[in-house]
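S.K.: when you get a sec, could you give me coordinates for this:
(chains A and B)
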Amino acid sequence: KAGVTQTPRYLIKTRGQQVTLSCSPISGHRSVSWYQQTPGQGLQFLFEYFSETQRNKGNFPGRFSGRQFSNSRSEMNVSTLELGDSALYLCASSGLAYNEQFFGPGTRLTVL
Amino acid sequence: AQTVTQSQPEMSVQEAETVTLSCTYDTSESNYYLFWYKQPPSRQMILVIRQEAYKQQNATENRFSVNFQKAAKSFSLKISDSQLGDTAMYFCAFMRIIQGAQKLVFGQGTRLTINP
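M.R.: Residues are numbered from 1 along each chain as shown, chains lettered A, B, ... in the order given. All right, here's what the predicted structure looks like:
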């Protein structure tokens, strides 16, 4: 079974731009979660989607948004990028059993 | 709010030795899940082991085992016969599930180096 895939793997943007990251979960998984990883703040939860509905949300500004499609693929969008948004963005998918989250390789976003 | 604390920022041991990584957490919940994840230099986060809070028996996965002390809110990871490939950041994580919604809360991580 293929793992979680994330595209693109690397991204460079400038302040003020917006960016969209994509995540394809493991086949059959309907829950997709997003996390931001930075050296200063560590791993922080952004949001979780299940069956196209946002089920849980972390403490991030409204510039961070997401959505999930009927095939469970998910996208997250960051508008009006700031330097502090530079981070590794990790996506994780989960099936019905065991509540385990399986992570993708991440998208490294650099904001200049 | 739940918090997870890993008190050892870095650890270093020789190959084949046993090493224990510490983790404590704070929660008022009685039912939850605990995980250890490994993040090697490739940055791919890999699930090492999981523990359900309602289970008294400590989880084991080959060379990896946990010591789960619910009353003390402690969840340590023991790696036996350590190998060079175990070199990575290790994150302890807590999950509470409310109406199906999942959210992992991570500790700050322990950087483990296995020396030849």
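S.K.: which other helices and strands does the lowest-mean-pLDDT helix or strand in chain B contact?
M.R.: Least confident helix or strand of chain B, by mean pLDDT, DSSP states H and E, is strand B:60-61 with a mean of 92. When contacts are defined as 3 or more CB pairs under 8 Å, 6 or more residues apart in numbering or on different chains; DSSP states H and E, strand B:60-61 packs onto strand B:46-52. Every residue, glycine included, has its C-beta placed from N, CA and C.
S.K.: ok, and what's touching the strand it packs on?
M.R.: With contact meaning CB atoms under 8 Å, 6 or more residues apart in numbering or on different chains, strand B:46-52 is reached by A:98, A:100-103, B:33-40, B:58-61, B:64-66, B:68, B:75, B:77, B:90.
S.K.: repeat that for stretch B:28-36.
M.R.: A:99-100, B:2, B:21, B:23, B:25, B:47-54, B:64, B:66, B:68, B:75, B:77, B:90-97, B:104.
S.K.: are any of the contacts of strand B:46-52 buried, and which?
M.R.: Burial by neighbour count, 16 or more other CB atoms under 10 Å in any protein chain shown: within the contacts of strand B:46-52 this picks out A:101-103, B:33-39, B:59, B:64-66, B:68, B:75, B:77, B:90.
S.K.: so which residue of chain B lies furthest out from the middle?
M.R.: B:Q99 (24.8 Å; CA atoms, centre = their mean).
S.K.: show the contacting residues for the nearest residue to it once chain neighbours are set aside.
M.R.: The shortest distance from B:Q99 to any non-neighbouring residue, by CB to CB, 6 or more residues apart in numbering or on different chains, is to A:R55 (8.0 Å). For A:R55, the contact set (CB under 8 Å, 6+ apart) comprises A:S31, A:E48, A:Y49, B:Q99, B:G100, B:A101, B:Q102.
S.K.: check which helix or strand covers A:R55.
M.R.: Assigned by DSSP states H and E, A:R55 belongs to strand A:53-57.
S.K.: quick one: the strands in the chain?
M.R.: All of this is about chain A. A:5-7, A:10-13, A:19-24, A:31-38, A:42-50, A:53-57, A:64-68, A:74-78, A:87-94, A:102-103, A:107-111 (DSSP state E).
S.K.: wrong one, I was asking about chain B
M.R.: So, for chain B - with DSSP E - the strands run B:3-5, B:10-14, B:19-21, B:24-26, B:33-39, B:46-52, B:60-61, B:64-69, B:74-79, B:88-95, B:104-106, B:110-115.
S.K.: do I have it right that A:N77 meets A:V19?
M.R.: Yes: under the criterion of CB atoms under 8 Å, A:N77 makes contact with A:V19 at 7.0 Å.
S.K.: when these two are compared, which one has more neighbours?
M.R.: A:V19 (18 against 13; other CB atoms under 10 Å in any protein chain shown).
S.K.: for chain B, see how far away the more buried one is.
M.R.: 19 Å (CB to the nearest CB, to the nearest Å).
S.K.: quick one: contacts for the residue nearest to the spatial centre of chain A?
M.R.: Ranked by distance to the mean C-alpha position of chain A (CA atoms, centre = their mean), the top residue is A:W34 at 3.5 Å. Taking CB under 8 Å, 6+ apart as the criterion, A:W34 is in contact with A:C23, A:F45, A:L46, A:F47, A:E48, A:G66, A:S74, A:M76, A:Y89, A:L90, A:C91, A:A92.
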